[in-house]
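# Only the shape, not the letters, is given here:
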DNA sequence: CGACTGACCTCGC
DNA sequence: GGCGAGGCCAGTC
């Protein structure tokens, strides 16, 4: 392990810490990882992620709570289904950050 | 090492 | 709140 840069490893660790029924944004995740503004890098780390079981990348959404992408299952459809199943509040096609936002 | 890509964010209208 | 353009960061080829 420890092959990936500290940043990526950090992102995975944080993503794995997200409690069930909660979600966070790429920007927040990047900030918590120690690199505010690296939201795109976070998305990259998630996309390259292969351990969905250990890294619930589906718990990471956009700043507005909109599901941006998912590399597994049926994409956003699966992502949304998983979040709903975990008890995340939804606003139509977007997550209700007012109640399901995890700030760490 | 150089350039392109990507699951974003912020600013302005 | 939605649409369009610019910019930042890390990873991969």
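Here it is on my side, so go on. As the structure is a prediction and not an experimental result, all values here were calculated from the model. Residues are numbered from 1 along each chain as shown, chains lettered A, B, ... in the order given.
# Tell me how many other residues surround the residue nearest to residue A:20 when sequence neighbours are not counted.
Spatial nearest neighbour of residue A:20, excluding adjacent residues (C-beta to C-beta, 6 or more residues apart in numbering): residue A:86 at 4.9 Å. Placement of C-beta: from N, CA and C, glycine included. As a burial measure, residue A:86 scores 17 neighbours (other C-beta atoms under 10 Å).
# what does the one 5 residues further on give?
By other C-beta under 10 Å, the residues close to residue A:91 number 14.
# Can you name the residues bridging to the closest residue in space to residue A:66 that isn't next to it in sequence?
Beyond its immediate neighbours in the sequence, the residue positioned closest to residue A:66 (C-beta to C-beta, 6+ apart) is residue A:94, lying 4.8 Å away. Under the criterion DSSP bridges, residue A:94 forms beta bridges with residue A:66, residue A:91.
# which residues of chain A score low on pLDDT?
Counting by pLDDT under 70, chain A contains low-confidence ranges at A:1-4.
# Any residues of chain A in contact with DNA strand B? List them.
Counting by C-beta under 7 Å from any atom of the strand, the residues of chain A lying close to DNA strand B are A:25-27, A:39-44, A:46-47, A:49, A:57-58, A:60, A:62-64, A:68-71.
# element containing residue A:10?
For residue A:10, the element it lies in under DSSP states H and E is helix A:6-17.
# Just checking: what are the partner strands of the next helix or strand along the chain from that helix?
From helix A:6-17 onward toward the C-terminus, using DSSP H and E, the following helix or strand is strand A:24-25. Taking DSSP bridges as the criterion, strand A:24-25 sits next to strand A:60-61 (parallel) in its sheet.
# I would like the residues contacting the partner strand, please.
If you take C-beta atoms under 8 Å, 6 or more residues apart in numbering as the criterion, strand A:60-61 is touched by A:15, A:18, A:23-26, A:29, A:42, A:46, A:67-68, A:94-95, A:97.
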